[in-house]
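Visitor: build the 3D model from these lines:
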Amino acid sequence: MLVLRFIVGLGAGGMWSNGVALVTECWPVASRSFVSGVTSAGLNVGILMLSQLARIWPITSDSWKWVFNLSGAPAVLGVLVLVALPESPKWLAARGEPGRRPPRLRELFRPDLFRITLAGVVLRAIPMIGAWAASKWMIPWADKVAGSANTQYKAETQGWWVLDATLGCFAGAQLASRLGRRRSYVLISVGSAAMTFAIFQLTAPLRPSFHLVVFAQGFVAILFFGWLALYLPELFPTRVRATGVGLAYNSGRFATGVGVVLAGMLFTALGGDYARVGALCALIYGIGIPFIWWAQETANESLKA
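Guide: Below you'll find the model as predicted:
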């Protein structure tokens, strides 16, 4: 199971980095934030569909394999994309320049790109760690409180969160386009920390306000991912854009794995107190604020050739 899950991660990570690089290179500036938002929101549309299916057919220890069978269906879309979608003209032009060798991973660590690469890795890792080591505690917490008397409550909680997360992915790119990359990142960081804290300290599962706060937190915290879809490709030149975005995006996954393990240890140390561990882990969202002021502002710059 771990090996198969790792392979799934390779596919998802590779698809996202190549997809947002293609959008950045093929769409004009005026519509780039819109299309980047749509591209990023697609992930949560799928999660939303799954959460609604889980309300109808609950996922239990006796019935769970159907989820994996259903999730294999997008492989058909991958084949269609490979056949029907053309390559980026900008990438083809950069690749075809005389004397140019194919890009290598070590190019991202040259003196002129190292700071950009490091900033991309950190700015991507923070919202990933925040999502999986902090806000996702809401799901097992809801399941524990609701218990066997209400087995659908965890699916309802996931549905409320991902519904507004879908809108947040789209809106994040728009916010970055309107306010600038740095200012919008700071606002999203503060808002995510505040709303995550509110879930675990100002409400609780089965209270009328719980799903409303979950809904709001999903919108605010997932603004990051629409923001990243617009910002990360702007950092790197065409020659290594997909490679750089892929490294930044997927290094964040490894950091998230470490964060989840540490959050689990904290959960055990706090005696299984979901409210306390969720509130403490909400502080993770603030770590990225100093890094965005160290990173490059790309709002008023043309796409790097």
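Visitor: if I pick Ala221, what's in contact with it?
Guide: By C-beta atoms under 8 Å, 6 or more residues apart in numbering, the residues touching Ala221 are Pro127, Gly130, Ala131, Ser135, Ala165, Gly168, Ile188, Gly191, Ser192, Met195, Thr196, Tyr285. Backbone N, C-alpha and C define where each C-beta goes, glycine included.
Visitor: please read the previous query as pertaining to Phe197.
Guide: By C-beta under 8 Å, 6+ apart, the contact set of Phe197 is Ala279, Ala282.
Visitor: from Val121, how far out is it?
Guide: Distance, Phe197 to Val121, by C-beta to C-beta, to the nearest Å: 26 Å.
Visitor: and for Leu235?
Guide: Remark: distance between Leu235 and Val121 (C-beta to C-beta) = 11 Å.
Visitor: who touches both of the two?
Guide: Counting by C-beta under 8 Å, 6+ apart, the residues touching both Leu235 and Val121 are Ala248.
Visitor: and which of the contacts of Ala221 is nearest Ser36?
Guide: Ranked by distance to Ser36 (C-beta to C-beta), the contacts of Ala221 are led by Gly168 at 13.3 Å.
Visitor: now stretch 250-265: buried residues?
Guide: Using 16 or more other C-beta atoms under 10 Å as the test for burial, stretch 250-265 gives Asn250, Ser251, Gly252, Arg253, Ala255, Thr256, Gly259, Val260, Ala263.
Visitor: right, I mislabeled it, should have said stretch 139-149
Guide: Residues Ile139, Trp141, Ala142, Asp143, Val145, Ala146 are the ones in stretch 139-149 that count as buried (16+ other C-beta under 10 Å).
Visitor: make a markdown table out of these and add secondary structure, pLDDT and distance to Ser184.
Guide: A markdown table is the format used below for the buried residues of stretch 139-149 (DSSP: H, G, I helix; E, B strand; the rest coil; pLDDT from 0 to 100; distance: C-beta to C-beta, whole Å):
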| residue | secondary structure | pLDDT | distance to Ser184 |
| --- | --- | --- | --- |
| Ile139 | helix | 89 | 28 |
| Trp141 | helix | 93 | 30 |
| Ala142 | helix | 92 | 30 |
| Asp143 | helix | 89 | 34 |
| Val145 | helix | 91 | 35 |
| Ala146 | helix | 88 | 36 |
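Visitor: between these, which is nearest Gly271?
Guide: Gly271 lies nearest to Trp141 out of these, by C-beta to C-beta, at 13.8 Å.
Visitor: hmm, that closest one is touching Tyr274, no?
Guide: Yes: counting by C-beta atoms under 8 Å, Trp141 does reach Tyr274; the two are 3.8 Å apart.
Visitor: where do the helices sit along the stretch 51-200 of the chain?
Guide: In the stretch 51-200 of the chain, the helices defined using DSSP state H, counting those that start in this stretch lie at 65-71, 75-84, 89-95, 111-133, 138-146, 153-179, 181-201.
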